[in-house]
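1. turn this into a model:
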Amino acid sequence: MASSREQKTRKVTVTLPEELLAMLETWRAGGHIESVSAFVSEAVQARINRAQSLAKLEQVLGGRPPLDLINRARAMQGLPPLSEEEAGGPHAGAA
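-> Coordinates of the predicted model:
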């Protein structure tokens with residue numbers, strides 16, 4: 001019997017650029033990741049979590065967070081700032 005922590009899975013096909021797949025296969029071979037499939041699954045889950053968090057913020061703020069707040073959060077994560085065009089959509093507090 002499956003434990004309550006096990007999740008049902010279903011096989012799907014995902015197309016990746018050759019250079020990304022080569023890097024993932026190198027990481028797998030070097031023991032840096034468990035498997036390409038697990039890495040992709042974790043990346044998708046992280047993206048879903050971010051989208052859900054942003055949706056909650058938008059609900060509370062009445063729109064997207066101000067771009068300066070988004071860029072401060074990105075800076076804390078070591079990410080480059082977004083331009084207005086890259087951020088897309090109306091931002092709460094934006095003129």
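
2. report the buried residues of the lengthiest helix in the chain.
-> Identified as the longest helix of the chain according to DSSP state H is helix 36-61. By neighbour count with 16 or more other Cβ atoms under 10 Å, helix 36-61 contains the buried residues 36, 40, 58. In short, each C-beta sits where N, CA and C put it, glycine included.

3. from the residues you listed, which single one is nearest K11?
-> V40 (11.9 Å; Cβ to Cβ).

4. and the residue lying closest to that closest one once chain neighbours are set aside, which of the three is it?
-> Residue nearest to V40 in three dimensions, not counting chain neighbours: V14, with 6.2 Å by Cβ to Cβ, 6 or more residues apart in numbering. What DSSP: H, G, I helix; E, B strand; the rest coil gives for V14 is coil.

5. what number of residues lie near V14?
-> Neighbour count of V14, defined by other Cβ atoms under 10 Å: 9.

6. so it makes contact with F39?
-> No: using Cβ atoms under 8 Å as the test, V14 is too far from F39 to be in contact (11.1 Å).

7. low-scoring stretches of the protein, by residue?
-> Applying pLDDT under 70 to the chain flags residues 1-5, 89-95.

8. give me the residue at the spatial middle of it.
-> Centroid check for the chain by Cα atoms, centre = their mean gives R47 as the closest residue, at 2.7 Å.

9. what residues are up against L16?
-> Neighbouring residues of L16 by Cβ atoms under 8 Å, 6 or more residues apart in numbering: L24.

10. from A43, how far off is it?
-> Computed as Cβ to Cβ, to the nearest Å, the L16 to A43 distance reads 11 Å.

11. now do the shared contacts for those two.
-> Shared contacts of L16 and A43 (Cβ under 8 Å, 6+ apart): none.
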